[in-house]
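# Got a predicted structure here, sequence first:
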Amino acid sequence: MLNLRKGIQRIRERLRTECLFEDGTLYISAIPGTGTEAVVVFTSLNGNYAARGGQSEFIGTASKGGERACIFVTDKTQSWYQTKGLAEKVVEVVRGQLDAWGSQRVLAVGYSMGAYGAMRLAKRLGVHSVLAFGPQYHPDPELVPGDPRWPEERGAIAEFTLGPVGEEMSDDIAYYVLHGRQGCDILHWSRFPQGPNIRHFIVPMIGHAVTPKLKEAGALPALFDAAFEDRFQKFRKVIWQVKARLRQPGETWETHPNHWYYKEILKVPHPDDVRGAAQ
């Protein structure tokens, strides 16, 4: 019965969805809310395929039953928003819609590729907080050697027009970042910058599939609320449901190897700034 109600709610939300912009590279849609709060969802690689069929990632949790307005950003090129002119168009359309709504508090959220986009464009969009599930540091294999995933999509990027996530962050934004401790993601989160406004949590015994794990635990709605309101202690209490802990200062793949992937990491040379980025 609960799943039926959720299904009906999603159908209603899709029917209210309006296309803000679409061309060969980008699709941006929106759902109005009843209040002055808004969520900007950057879809993941798999979410991009679903979005083409009218299914928006995080739609139920993000909208909070229609209370929050939502904007969904889909990179049709699967380029991590690197396609020339794409990021600028995202900022133009999304910021314009937020201003038209009069949104007073905005959360940017995403999973994987979408999480990279949410973190990378948060400052340009003027959001208040970010919730990033398993973001990549950067899709460029030269910046993150040793990650064999998504070779077709990463190989098709003609030019990297956006830099790593830490290149354009703001002290005025609260960043809530979650990574799995296992597998290739350790190559990315080891390179993430650290600071008082970056709440970086590591989830044990899991790899890239951190969002399904949190969904299974029923933690997503509370995490959205806590990140939206920038309530760190509440967020920390909720995330403990999956035994996640704060990343320690200077913690990287060197200081905290993840057992089964550590030997693979050692096969590939890594630049010295892996340690520097974390300090």
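Nice, I can see it.

# Report the secondary structure state of residue 130.
Secondary structure, DSSP: H, G, I helix; E, B strand; the rest coil: residue 130 is strand.

# which residues does it bridge with?
Beta-bridge pairing for residue 130 (DSSP bridges): residue 108, residue 175.

# how about the helices of the chain, start to end?
Assigned helices in the chain, in chain order: 2-15, 45-52, 59-63, 86-101, 113-125, 151-155, 185-189, 210-216, 220-229, 232-239, 262-266, 273-277 (criterion: DSSP state H).

# With mean neighbour count, mean pLDDT and distance to residue 253 added, can I get these in CSV?
Where you see a C-beta, it was placed from the backbone N, CA and C, and this is true even at glycine. Shown next, in CSV, are the helices of the chain (neighbours: other Cβ atoms under 10 Å; pLDDT from 0 to 100; distance: least, Cβ to Cβ, whole Å):
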stretch, mean neighbour count, mean pLDDT, distance to residue 253
helix 2-15, 11, 55, 38
helix 45-52, 17, 54, 23
helix 59-63, 21, 89, 31
helix 86-101, 17, 98, 29
helix 113-125, 25, 98, 19
helix 151-155, 13, 94, 20
helix 185-189, 24, 91, 5
helix 210-216, 18, 91, 17
helix 220-229, 20, 96, 25
helix 232-239, 17, 97, 21
helix 262-266, 14, 57, 6
helix 273-277, 15, 44, 7
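
# Which one of the ones you listed lies nearest to residue 145?
Closest to residue 145 of the helices of the chain, according to Cβ to Cβ: helix 185-189, at 8.0 Å.

# Mind giving me the packing neighbours of that closest one?
Applying 3 or more Cβ pairs under 8 Å, 6 or more residues apart in numbering; DSSP states H and E, one finds that helix 185-189 contacts strand 174-180.
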